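**Student:** Got a sequence here, can you model it:
(one chain, ligands or ions: 2)
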Amino acid sequence: MTAPLASRLRGFGTTIFAEMSALAVTTGSINLGQGFPDYPGPPEVLDVARAAIGTDADQYPPGPGIPELRAAVTGHRERSTGTRYDPDTEVLVTAGATEALAAAMLALLEPGDEVVLFEPIYDSYSASVAMAGGVIRPVPLHPPEGGPGPWTFDEAELRAAITPRTRLLLVNSPHNPTGTVLTGEELAVLAELATTHDLVVVTDEVYEHLVFDGARHVSLATLPGMRERTLVVSSAGKTFNVTGWKVGWVCGPAALVAAVRTAKQFLTYVNAGPFQPAVAAGLRLPEAYFTGIARDLEYRRDVLVAGLRDAGLPVISPQATYFATVDVRGVQPDGDGLAFCRALPERAGVVAIPTVVFYTPEHAHLGRHLVRFAFCKSDAVLAEAVERLRRLA
Ligand code: PMP
Ligand code: GLN
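**Tutor:** Ligands and ions are numbered 1, 2, ... in the order given. Predicted coordinates for the structure are as follows:
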């Protein structure tokens, strides 16, 4: 038999997150690779899910999501960004942000359509675009010259990536893996390009609440002229410490949401019955909850960043997300971040993610020496990780 994997998926292999989480288990290492918290979500959310199991909520929810969750999503969106969406026609509940993004690509792209996005690229984007027959046009985010972030793009490189085949801009801010939050000026450039070239925009805002140092996340959908062409994707995983629940959503104008629903209904149809009312309860929590999680994570970032510096690793301290990036050239003479990560369990009993996996082969040299560490971990785990990382110094 010839190789069974269809050509459009060749080269995707096993995700780095699966590979590195398995390595953490087999080597007994502390897993600072895959971004998931090791502490529970708020009881107001968890208790609702527990109570929902064993009720009608165990059966198929309605295709677009339960009305209570759709209303909670729109209410939360209006409170946090000022943008109003109709809960009946402009929201769709999905199996995590991952399904929302995949369904959007399947729904909106014709074969050969081009998607402009920033590189390093969160891994599911390239695969989703490929499954839809589209083509990615990556634009590098350049790391800051020494010292803290943010990473920035070169406007000329962005403009050059737009061609007559460009259909869609896929924008992840706050950005994984760099932890950068795009500025108002950068968003304005994206909005201008989207309107001039009549592009659909998909924003991935799963880290919308995990922003530090007074940096502010602004949704591209709130810029003039953008609401009508933008699908906003977010999810519960990061906001409520429930990455395994896979409850996400997409908000946007009715025609775009209907297109995504058409694809989504044949992927999973529906998911997460008992978790939907729980996430609704979470989205109704007072503002103090959302500011509190950012402050808490900012403290964890500071602990890990200080520890990495003590271990002799120059760090690009992030403005947002779960992740800090280090330059390994001082502790890995060949500068190979992938080799560094494969050896890190043995050298220090810690697992991290080589940033190079988020690059296309063409730009891999830009990320070869970089490695991503997650800091969404409990105090004891972070303290132990920092202690172990000292072995590198
Ligand atoms: N987008 C980004 C940028 C992510 O980091 C992740 C991982 N949490 C996702 C999407 C996937 O989110 P979900 O788990 O809700 O599918
Ligand atoms: N978003 C998580 C990360 O970047 C991983 C999610 C996954 O395993 N697909 O670490």
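
**Student:** the helices in the stretch 251-393 of the chain, which residues?
**Tutor:** Ranges of helices in the stretch 251-393 of the chain, per DSSP state H, counting those that start in this stretch, are 254-264, 275-283, 287-310, 337-348, 364-367, 379-389.

**Student:** what's the closest of the ones you listed to Thr183?
**Tutor:** When the helices of the stretch 251-393 of the chain are compared by Cβ to Cβ, helix 287-310 sits nearest Thr183, at 18.0 Å. Just so you know, the C-beta spots here come from the backbone N, C-alpha and C atoms, and that holds for glycine as well.

**Student:** So which bits of that closest one are buried?
**Tutor:** 289-290, 293-294, 297-298, 300-301, 303-305, 307-308 (16 or more other Cβ atoms under 10 Å).

**Student:** quick one: low-confidence parts of the stretch 1-150 of the chain?
**Tutor:** 146-149 (pLDDT under 70).

**Student:** residues in it within reach of ligand 1, list them.
**Tutor:** With Cβ under 6 Å from any ligand atom as the criterion, the stretch 1-150 of the chain meets ligand 1 at residues Gly96, Ala97, Thr98, Tyr122.

**Student:** for whichever residue of the chain sits closest to ligand 1, what are its contacts?
**Tutor:** Per Cβ to the nearest ligand atom, Gly96 is where the chain lies closest to ligand 1, at 2.5 Å. The contact partners of Gly96, by Cβ atoms under 8 Å, 6 or more residues apart in numbering, come to Ser235, Gly237, Lys246, Val247, Gly248.

**Student:** Save those residues as CSV, and put in secondary structure too.
**Tutor:** Converted to CSV, the contacts of Gly96 look like this (DSSP: H, G, I helix; E, B strand; the rest coil):
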residue, secondary structure
Ser235, strand
Gly237, coil
Lys246, coil
Val247, coil
Gly248, strand
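
**Student:** List the beta-bridge partners for Arg137.
**Tutor:** Val116 (DSSP bridges).

**Student:** element containing the residue nearest to Arg84 when sequence neighbours are not counted?
**Tutor:** Spatial nearest neighbour of Arg84, chain neighbours left out: Glu78 (5.2 Å); criterion: Cβ to Cβ, 6 or more residues apart in numbering. According to DSSP states H and E, Glu78 maps onto helix 67-81.

**Student:** buried ones in that helix?
**Tutor:** When neighbours are counted by 16+ other Cβ under 10 Å, the buried residues of helix 67-81 are found to be Glu68, Leu69, Arg70, Ala71, Ala72, Val73, Thr74, Gly75, His76, Arg77, Ser80, Thr81.

**Student:** Just list the residues touching the third one, thanks.
**Tutor:** With contacts defined as Cβ under 8 Å, 6+ apart, the neighbours of Arg70 are Pro64, Pro87, Asp88, Val91, Val93, Trp249.

**Student:** Closest to Val48 out of the residues you listed?
**Tutor:** Nearest to Val48 among those: Val93, at 15.4 Å, using Cβ to Cβ.

**Student:** which element is the closest one on?
**Tutor:** Residue-wise, Val93 maps onto strand 91-94 under DSSP H and E.

**Student:** for that strand, the distance to its chain's centre please.
**Tutor:** Relative to the chain's own centre, strand 91-94 is displaced by 17 Å; criterion: Cα atoms, centre = their mean, to the nearest Å.

**Student:** So what are the sheet partners of that strand and their directions?
**Tutor:** Under the rule (DSSP bridges), strand 91-94 has strand 248-251 (antiparallel) as partners.

**Student:** Is any residue of the strand it pairs with near ligand 2?
**Tutor:** No. Shown here: strand 248-251 not in contact with ligand 2 (Cβ under 6 Å from any ligand atom), separated by at least 11.8 Å.

**Student:** follow-up on the earlier one: and the buried residues of helix 287-310 as a markdown table, adding pLDDT and distance to ligand 1?
**Tutor:** As requested, those are exported to a markdown table (pLDDT from 0 to 100; distance: Cβ to the nearest ligand atom, whole Å):
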| residue | pLDDT | distance to ligand 1 |
| --- | --- | --- |
| Tyr289 | 98 | 19 |
| Phe290 | 97 | 17 |
| Ile293 | 97 | 15 |
| Ala294 | 98 | 16 |
| Leu297 | 98 | 14 |
| Glu298 | 98 | 18 |
| Arg300 | 98 | 17 |
| Arg301 | 98 | 16 |
| Val303 | 97 | 21 |
| Leu304 | 97 | 17 |
| Val305 | 96 | 19 |
| Gly307 | 95 | 22 |
| Leu308 | 94 | 20 |
